[in-house]
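Undergrad: coordinates for the following, if possible.
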Amino acid sequence: MMKLLSLPTASLLLISWSPTGAFVPIRNVGTTERRHYHNNLIDTKESKAHSKHRIITDSCSVESIHAKSSLFMSIPSAIMKGTGFTTSLGRHPGWTTCFLAFFLLVARILRNPQTFLWPGSAVDDKCNAVLPEGSLGCPFIDYGPFSKLAKLSRKYGKIFKSYAFGYPIVSVSGVDNVKSLLKNEFQTDAKGIGTFMLGKHNIGSIFGEDMLLYENDAEKHGVLRRLVGSAMTPAAIGAAIPSIQDAARLQIDEMLKTKSPIKMEDVFQSYTLDIAWKQILGLDLKEEDVPNFHTAVKDWTAGLMSPLLLMPIKIPGLMRFTKVGRARKYLGTKIEEKIDKLERDGPDSSTLSKLYFATDDDGSTKLTRDQVIHNALLLIFAGTETSASTLTCASLFLALHPDVWERVRAEQNDIRSRYGDDFNQEVLNESVYLDAVIKETLRLQPPEMGELRAVKNTVVVDGNQVPKGWCVLFNVKQTHYNDPSTYEEDGSHMDHRKGFRPERWMSESTKPMEWMPFGEGRRRCIGERLAMTEMKIFLAIFARKVAKYELVNNIDQSLAVQWQTDTTLARPAGGVECTLVSA
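TA: I've put the predicted structure just below:
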């Protein structure tokens, strides 16, 4: 980012116009040297870039322009001569400084307007591949984290450039393209691509820097993934099923007692938050403490979406005076207390216990205390917000498609007649159509737009360059849109009424080919199995206990469903409100 230079009139300032177009101060020149250099121009050896050294005196008059200089740079002198500004400005040295600073600024913009208006967006001239098409948006006011990307996807296709979060971004879709880029991940010597934390000064404190998500060293990431993954194995998830089942039944029983319309998003948030404190953390909360925990997680996750945390400086009093900071401190304290209990009493059935006592293949390597805390927070975020978002979308789609809902109910009633009321992994595996409903929901409305990676060294994908210093977005929604096995010219395959067809997952010939709501590669969501289990158990019990439910909020049947634009997660605008009829 260009810094404005203060041009002191009491001394001579030597300024270099570098090949990048930036004006760089070289040195201050004393009075004797000022007389010697007055009105001279010094050529440098950087002939390739035609860089110049311009000398500015205390009178700030420019008497001559080098032949290689741009025509624009002669304008200040011409104006001053033609209008008598030389004499006038000489009597007002402050005006002189402002006048020349303005022209230097304009010259800088004209020399390379893109990198000035969109900082960091320089192209790699050494790379033969072209920069993809796209739009960087309005200068200094970028597209923001959530809006416009979908429209750009429709206009420019699989690969396009954009600007968001204060970073230049190339959006890439298509499983093959994503996999080709992921080959560059975990490269040594600062090459390839890697994850990074937006707003590290603040989000690092709120989210945690020692989590699996932000580890870029291949060996360390492998160790972390094995240790955290030990809490997400099929056996570990199987052991958690009774706790998840109880949480779902509790929520649904409360729903059936309510005569007024039910806000489904609130129900799903409460359900996933109960799983967070009961199963993930294994806390022993009193009834009066549960609302405090729910509020803290909601404040924490909502705060993570705040643009304020993207500031490049540490926010004073972040942990003490902000809602998100106090919520994070509360959650950290609860996790610390639970760890102390595990140290005293030994392991239990909680996910946190499995994290804390996990050892690597050598039998001795364990997670540090901070790694346990930060990765527990990661599992809370993944297991609450994303699961609640998908369940909300699924409840909407099922209400819009009563035939699908009836087929889900029929499948669950059949399974219940054969296996009884309780769930285990075998019962979940039998819920084939329900599994298809969840996958189709994730195809149409993945929880997040995609994943960001920082490009450490210029990479090429499908003939397009992603320059060093840029970011690459693995665009999940656009990947699903372009899937050749589901694609329709009119876009109906992604329409929430015409395109919601769970049966497409029931046959290999119609099954979607490009589906990546949980990511791809070695960073694929480690909580995927837990999330799918949470969602399947809730919807299975819901289908067994609810004969009918109908939307009551005003969702126009003739219009496309509207979605919230102020969040990274998929949520219907206005929520989903329903009335229920008990089975």
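Undergrad: what ranges do the strands span in the stretch 301-450 of the chain?
TA: Secondary structure of the stretch 301-450 of the chain (DSSP state E, counting those that start in this stretch): strands located at 450-455.
Undergrad: please disregard the earlier target; I meant the stretch 451-583 of the chain.
TA: Using DSSP E, counting those that start in this stretch, the strands found in the stretch 451-583 of the chain span residues 459-461, 464-466, 471-475, 546-551, 577-582.
Undergrad: which strands and helices sit next to the third one?
TA: Of the remaining helices and strands, those touching strand 471-475 by 3 or more Cβ pairs under 8 Å, 6 or more residues apart in numbering; DSSP states H and E are helix 149-156, strand 167-172, helix 175-182, strand 450-455. Using the backbone N, CA and C atoms, a C-beta is placed for each residue, glycine as well.
Undergrad: next, give phi and psi for residue 514.
TA: When quoted as degrees, to the nearest 10, the phi and psi of residue 514 stand at phi -120, psi 100.
Undergrad: show the contacting residues for it.
TA: For residue 514, the contact set (Cβ atoms under 8 Å, 6 or more residues apart in numbering) comprises 174-175, 479-480, 482-485.
Undergrad: now with 7 Å?
TA: Neighbouring residues of residue 514 by Cβ atoms under 7 Å, 6 or more residues apart in numbering: 174-175, 479-480, 483.
Undergrad: just residue 409 next, same as before
TA: Contacts were defined as Cβ under 7 Å, 6+ apart; by that measure residue 409 touches residue 543.
Undergrad: gap between it and residue 402?
TA: 10 Å (Cβ to Cβ, to the nearest Å).
Undergrad: tell me the confidence at residue 8?
TA: As predicted, residue 8 sits at a pLDDT of 33.
Undergrad: over to residue 122?
TA: Residue 122 carries a pLDDT value of 89.
Undergrad: so where's the stretch 151-300 of the chain uncertain?
TA: 189-190 (pLDDT under 70).
Undergrad: do that again at 80, thanks
TA: Across the stretch 151-300 of the chain, the ranges flagged by pLDDT under 80 are 151, 165-166, 188-191, 197-201.
Undergrad: repeat that for the chain.
TA: Judged by pLDDT under 80, the chain has its weakly predicted residues at 1-117, 138-151, 165-166, 188-191, 197-201, 304-312, 553-574.
Undergrad: list the contacts for the closest residue to residue 227 other than its chain neighbours?
TA: Nearest residue to residue 227, sequence neighbours excluded (Cβ to Cβ, 6 or more residues apart in numbering): residue 358, at 4.6 Å. If you count contacts by Cβ under 7 Å, 6+ apart, residue 358 has them with 227, 230-231, 366-367.
Undergrad: could you check how far residue 358 is from residue 378?
TA: 15 Å.
Undergrad: ok, residue 349 next?
TA: 20 Å.
Undergrad: could you do residue 396 as well?
TA: From residue 396 across to residue 378, the span is 27 Å (Cβ to Cβ).
Undergrad: neighbour count winner among these two?
TA: residue 396 (25 against 19; other Cβ atoms under 10 Å).
Undergrad: contacts only, for the closest residue to the more buried one other than its chain neighbours.
TA: Spatial nearest neighbour of residue 396, excluding adjacent residues (Cβ to Cβ, 6+ apart): residue 576 at 4.8 Å. The neighbours of residue 576, taking Cβ under 7 Å, 6+ apart as the test, are 264-265, 392, 395-396, 551.
Undergrad: any buried residues in the strand or helix carrying residue 297, and which?
TA: Residue 297 is located in helix 290-304, with elements delineated by DSSP states H and E. Under the neighbour-count criterion of 16 or more other Cβ atoms under 10 Å, helix 290-304 has 290, 293-294, 296-301, 303-304 buried.
Undergrad: by contact count, what packs against it?
TA: helix 200-206, helix 264-275, helix 323-345 (3 or more Cβ pairs under 7 Å, 6 or more residues apart in numbering; DSSP states H and E).
Undergrad: give me the neighbour count for the nearest residue to residue 514 once chain neighbours are set aside.
TA: Excluding its sequence neighbours, the residue lying closest to residue 514 (Cβ to Cβ, 6+ apart) is residue 483, at 4.1 Å. Residue 483 has 19 neighbouring residues, counting by other Cβ under 10 Å.
Undergrad: residue 483 reaches residue 510, doesn't it?
TA: No: applying Cβ atoms under 7 Å as the test, residue 483 and residue 510 come out as separate, 11.4 Å apart.
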